[in-house]
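Enquirer: structure for this input, please:
(one chain, ligands or ions: 1)
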Amino acid sequence: MSDLTTTGHELTSDGWTRAYTGSVMDTFGPPQRILVRGDGCEVWDADGNRYLDLLAGIAVNALGHAHPTLTAAISAQLGTLGHVSNFFGTPAQITLAERLLQLAQAPAGSRVFFANSGTEANEAAFKMTRRTGRTRVLALEGGFHGRTMGALALTAKAAYREPFEPLPGGVEHLPFGDTAALEEAFSADAVAARGEVAGLVVEPVQGEAGVRELPAGYLPLARRLTSDAGALLVLDEVQTGVGRTGEWFAHQHTDLGGGIVPDVVTLAKGLGGGFPVGAVIAYGEGPAALLGRGQHGTTFGGNPVAAAAALATLGVLDRDRLLANATEVGETLRRAVAGQDNPLVAGVRGRGLLLAVELTRPVAADVARLALDAGFIVNPVAPDAVRLAPPLILTAEQALEFAAFLADVTVPEPEKS
Ligand SMILES: Cc1ncc(COP(=O)(O)O)c(C=O)c1O
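Expert: Numbering: from 1, shown residues only. Purely as a prediction, here's the structure:
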């Protein structure tokens, strides 16, 4: 790295960590390690220790680290035209919009809005629901949609919401996966009491809630009820989209989505392979026209470098059959874990390479810490579940390395007083 991009510190991990806590706002707690380099599915810390990255920046680095095609695409675009305002279009932006519409199998009249992150994509979707002329929006308990005020209003967790209330109003959180509650929310009584529904916002597989998949039949019912009510069905595929679950979008699994066509899909995370980019896909002319000229915008969204990164990511996912790889390697891991007799491990849930190892005790934080010490980056997404969202280039051998660690991991029982 050149002197222009570093402070000149020549520090170990401990030194960097002290420097971090003295300079970076404490919204995340102290960093677990200071990472300095990555290659494929591996990263190295400032002390030279190697880790197998089974989290990929939380479902972001779809192509792993320092992928040559992605690196070349970003460099080439930056060296040609790095940024223009949204008064102008660029070939990269337009090509990416077309490619997303194609992968989404979106009908004629569909359109894309570009953002920079998941929360921003969801802000746009939230604003689209307001443009129906209604304000009652349904979301699910356990749902996570981001931290900006609108996305936070859609997010269920009280600890995230309460310090920032009042949030934009009109959002109701329904019990997760409960079809009776969903039907009730659209009933004549509910409409009379609380108004017509503007939209329903759901993740096909809840990521932050611990990799929880909606039950089969839920999305088709949601589609029927929203269509009948003239409400928008918004699928938050920020975490599940772009091949993570083995299809381009999770709702495209027929057993999960039942072949539905949503009104809006939001994307981010894996889309740029590590470069920040978000997108909103509006399906069909009606949804595509909800945000008119001047009603939404962003300086960076649709930036040509971000668009080039996304195009390169999508291209490599396609060329290297990485959706199939996600399915196959996910299955390998699932089978390897199922064949173990570690009393701490109950099983694996999730799809493709968005998985959670279910534990028999609420010791996920201990398991994640032991994993890190053993050279594996994972995430304790729930007290009794460890999330894996590795690069989609993960090999079966790498998955089995982690399975071997899991087979032997032990966390002592607390002493009984
Ligand atoms: C389903 C979902 N939606 C939205 C977000 C927010 O995305 P971002 O952190 O890019 O704002 C996340 C992030 O974890 C997510 O998992």
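Enquirer: low-scoring stretches of the protein, by residue?
Expert: Applying pLDDT under 70 to the chain picks out residues 1-9, 417.
Enquirer: residues from it in reach of the ligand?
Expert: Contacts of the chain with the ligand, taken as CB under 6 Å from any ligand atom, map to 58, 117-119, 122, 144-146, 203, 207-208, 236, 238-239, 268. Where you see a C-beta, it was placed from the backbone N, CA and C, and this is true even at glycine.
Enquirer: which of these fall within strands?
Expert: Among those, DSSP state E puts Asp236 in strands.
Enquirer: mind giving me the PyMOL select for the residues of the chain next to the ligand, buried ones only?
Expert: The buried residues among these can be selected in PyMOL (16 or more other CB atoms under 10 Å) with this line:
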select buried, resi 117+118+119+122+144+145+146+203+207+208+236+238+239+268
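Enquirer: and of the residues of the chain next to the ligand, the nearest to the ligand?
Expert: Gly118 (2.2 Å; CB to the nearest ligand atom).
Enquirer: hang on, that closest one packs against Arg147?
Expert: No - contact criterion CB atoms under 8 Å: Gly118 and Arg147 do not qualify, at 9.5 Å.
Enquirer: now the nearest residue to Ala364 once chain neighbours are set aside: how far from Phe176?
Expert: Closest residue to Ala364 apart from its sequence neighbours, by CB to CB, 6 or more residues apart in numbering: Pro380 at 3.5 Å. Separation of Pro380 from Phe176 (CB to CB, to the nearest Å): 20 Å.
Enquirer: before we move on, what about Ala365?
Expert: 23 Å.
Enquirer: the two: which is more packed in?
Expert: Counted by other CB atoms under 10 Å, Ala365 and Phe176 do not tie: Phe176 has more neighbours, with 19 against 13.
Enquirer: SS state for that one?
Expert: coil (DSSP: H, G, I helix; E, B strand; the rest coil).
Enquirer: just Gly294 next, same as before
Expert: Gly294 is classified as coil under three-state DSSP.
Enquirer: tell me how many other residues surround it.
Expert: Neighbour tally, Gly294, other CB under 10 Å: 6.
Enquirer: list the buried residues of stretch 158-174.
Expert: Across stretch 158-174, burial judged by 16+ other CB under 10 Å covers 161, 167-168, 170-171, 173-174.
Enquirer: ignore what I typed, I meant stretch 369-379.
Expert: Of the residues in stretch 369-379, 370-372, 376-379 count as buried by neighbour count, 16+ other CB under 10 Å.
Enquirer: kindly report the same for stretch 352-368.
Expert: 352-359, 363-364, 366-368.
Enquirer: gap between the residue minimising distance to the centre of the chain and Asp189?
Expert: Among the residues of the chain, the one closest to the centroid is Gln239, at 1.7 Å (CA atoms, centre = their mean). Gln239 sits at a distance of 34 Å from Asp189 (criterion: CB to CB).
Enquirer: so who does the residue lying closest to Val367 once chain neighbours are set aside touch?
Expert: Nearest residue to Val367 in three dimensions, chain neighbours excluded: Val386, at 5.5 Å (CB to CB, 6+ apart). Counting by CB atoms under 8 Å, 6 or more residues apart in numbering, Val386 makes contact with 356-357, 359, 364, 367-368, 371, 378-380.
Enquirer: closest to Thr95 out of those residues?
Expert: Asn379 (33.5 Å; CB to CB).
Enquirer: ok, now how distant is the closest residue to that closest one other than its chain neighbours from the ligand?
Expert: Excluding its sequence neighbours, the residue lying closest to Asn379 (CB to CB, 6+ apart) is Arg387, at 4.4 Å. As judged by CB to the nearest ligand atom, to the nearest Å, Arg387 and the ligand stand 11 Å apart.
Enquirer: ok, then the element right after the one helix or strand Arg387 maps to?
Expert: Per DSSP states H and E, Arg387 falls inside strand 385-388. Once the chain leaves strand 385-388, the next helix or strand it forms, by DSSP H and E, is helix 396-408.
Enquirer: and that next one, what does it pack onto?
Expert: Applying 3 or more CB pairs under 8 Å, 6 or more residues apart in numbering; DSSP states H and E, we find helix 396-408 packed against strand 50-53, helix 322-338, strand 376-377.
Enquirer: so Arg194 is in contact with Val171, correct?
Expert: No - counting by CB under 8 Å, Arg194 sits too far from Val171 to count as a contact (11.2 Å).
Enquirer: so which of the buried residues of stretch 352-368 are in helices?
Expert: Those of the buried residues of stretch 352-368 mapping onto helices are 364, 366-368, per DSSP state H.
Enquirer: contacting residues around Ala389?
Expert: Residues in contact with Ala389 (CB under 8 Å, 6+ apart) are 54-56, 58-59, 207, 239, 244, 353-355, 379.
Enquirer: now those in TSV, with distance to Pro68?
Expert: Shown next, in TSV, are the contacts of Ala389 (distance: CB to CB, whole Å):
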residue	distance to Pro68
Leu54	22
Leu55	22
Ala56	17
Ile58	23
Ala59	22
Gly207	29
Gln239	26
Arg244	22
Leu353	21
Leu354	25
Leu355	27
Asn379	27
